[in-house]
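J.: sequence? don't have it. structure:
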């Protein structure tokens, strides 16, 4: 690859965004980061992995943060502060890892508001993968064995978590197309063509020979 590029993917539950990210990373021979980011942030900060996992679980269960919005500005809170292990600082360390990856390697990053964290990086390409509800439900049913009503409720809760998490840390609406370089309907394209569309966009953005 001619230079380091980072492709960030946000996605609706059931859209296959994670699958697209994995397929893209495999196709390009670069690393794929998802839940691993939390582990890296724990190592970077010295903060227990359990605290990172607990913070996510609290938002999943309640749908709310302690404060409505706390837009990420790039700062870190040191270990001498009582806010060192706050939800805001846990995000700060995840963002630090995302930035370090963008500066050192090519990769695909799914979730974690990576598009916002890297909004000023000229080597970052942001993607949002979405689809109509029937397609989302069809795909979700392949991985979640639940009665239909419970499945739909679970999907809504997952997307609510993602929306609340995104708005809390960025101040923007998660589904707003203006946040992303590229929005893809996976029901119309299929996963393979989503990968091809992202690669094609990257060539337009970074040069035809970017993957050589």
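T.: In hand now; what should we look at? This structure is a prediction, so every number in the text was calculated from the model and none was measured.
J.: helices and strands around the helix or strand where residue 168 lies, which ones?
T.: Using DSSP states H and E, the element containing residue 168 is helix 148-170. Applying 3 or more Cβ pairs under 8 Å, 6 or more residues apart in numbering; DSSP states H and E, we find helix 148-170 packed against helix 49-62, helix 114-117, helix 133-141. Heads up, the C-betas are built off the backbone N, CA and C, glycines and all.
J.: and of those, who's closest to residue 8?
T.: For the helices and strands packed on helix 148-170, proximity to residue 8 was assessed by Cβ to Cβ; helix 114-117 is nearest, at 3.9 Å.
J.: give me the number of residues near the nearest residue in space to residue 101 that is not next to it in sequence?
T.: Leaving aside its sequence neighbours, residue 101 sits nearest to residue 107 (Cβ to Cβ, 6 or more residues apart in numbering; 5.6 Å). The local packing of residue 107 (other Cβ atoms under 10 Å) involves 21 other residues.
J.: residue 87 too?
T.: 21.
J.: now it. Nearest residue, chain neighbours left out?
T.: residue 55 (5.0 Å).
J.: so how far is the helix or strand of the chain with the lowest mean pLDDT off the chain centroid?
T.: Lowest mean confidence among the helices and strands of the chain (mean pLDDT, DSSP states H and E): helix 49-62, at a mean of 77. Relative to its parent chain, helix 49-62 has a centroid offset of 16 Å by Cα atoms, centre = their mean, to the nearest Å.
J.: what's the first helix or strand after it?
T.: helix 87-104.
J.: wait, the residue nearest to residue 87 touches residue 90, no?
T.: Yes - between residue 55 and residue 90 there is a contact under Cβ atoms under 8 Å: 5.3 Å.
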